[in-house]
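1. Fold the following for me, if possible:
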Amino acid sequence: QVQLVESGGGLVQAGGALRLSCVASLPAFNIYTMAWFRQAPGKERTLVAGISRNTDTYYADSVKGRFTISRDNTKSTVYLQMNNLKPEDTGLYYCAADWRLRIAMDRSSYDYWGQGTQVTVSS
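-> Numbering: from 1, shown residues only. Now for the predicted structure:
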């Protein structure tokens, strides 16, 4: 059974940092595009960052220069390093996997999802 398990969320002051991890029990993890989505209260779930099997990356404009996505195929894990956090970064962060090569913006393109980890940034 495929599982994506996120960890690393928490409460942090503005300007602080957090590192999210997602361990995936995916066969052939290395071929999957991996992504992090964020859902703020009352808002849609949107793509924050993605990394393809070729390590091409995508970042939402709001997080460019502050967040870094990376992957370790030996550990079947994808990370999201979040620096200089802002209150607007608050939300539930989900890890997602897509077997296709490109980094899709649309959440419906992703085949597997984690349960999410909460990030709260206080001002």
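2. Please enumerate the strands of this structure.
-> Under the criterion DSSP state E, strands of the chain are mapped to 4-7, 10-13, 18-24, 33-39, 45-51, 57-59, 67-72, 77-82, 91-98, 112-113, 117-122.
3. mind listing what's buried in stretch 48-58?
-> 48-53, 58 (16 or more other Cβ atoms under 10 Å). Bear in mind the C-beta positions are built from the backbone N, C-alpha and C, glycine included.
4. Please work out which of the strands of the chain is packed deepest.
-> Using mean count of other Cβ atoms under 10 Å, the stretch among these with the largest mean neighbour count is strand 33-39, at a mean of 24.
5. what angle do it and strand 91-98 make?
-> Here strand 33-39 points in a direction 160 degrees away from that of strand 91-98 (axes from the mean of the first three to the mean of the last three Cα atoms, to 10 degrees).
6. tell me which strands and helices strand 33-39 is in contact with?
-> strand 18-24, strand 45-51, strand 67-72, strand 77-82, strand 91-98 (3 or more Cβ pairs under 8 Å, 6 or more residues apart in numbering; DSSP states H and E).
7. Which residues are in contact with Leu101?
-> In this structure, Leu101 makes contact with 33, 52-54, judged by Cβ atoms under 8 Å, 6 or more residues apart in numbering.
8. Distance-wise, check the residue nearest to the spatial centre of the chain relative to Leu101.
-> Compute the mean C-alpha point of the chain, and by Cα atoms, centre = their mean the closest residue is Trp36, 2.0 Å away. As judged by Cβ to Cβ, to the nearest Å, Trp36 and Leu101 stand 18 Å apart.
9. Tell me how many other residues crowd Arg107.
-> Neighbour count for Arg107, taken as other Cβ atoms under 10 Å: 17.
10. got the contact list for stretch 88-96?
-> So stretch 88-96 is contacted by 4, 6, 9, 20, 22, 24, 34-41, 43, 45, 48, 62-63, 78, 80, 82, 107, 110, 112-121 (Cβ under 8 Å, 6+ apart).
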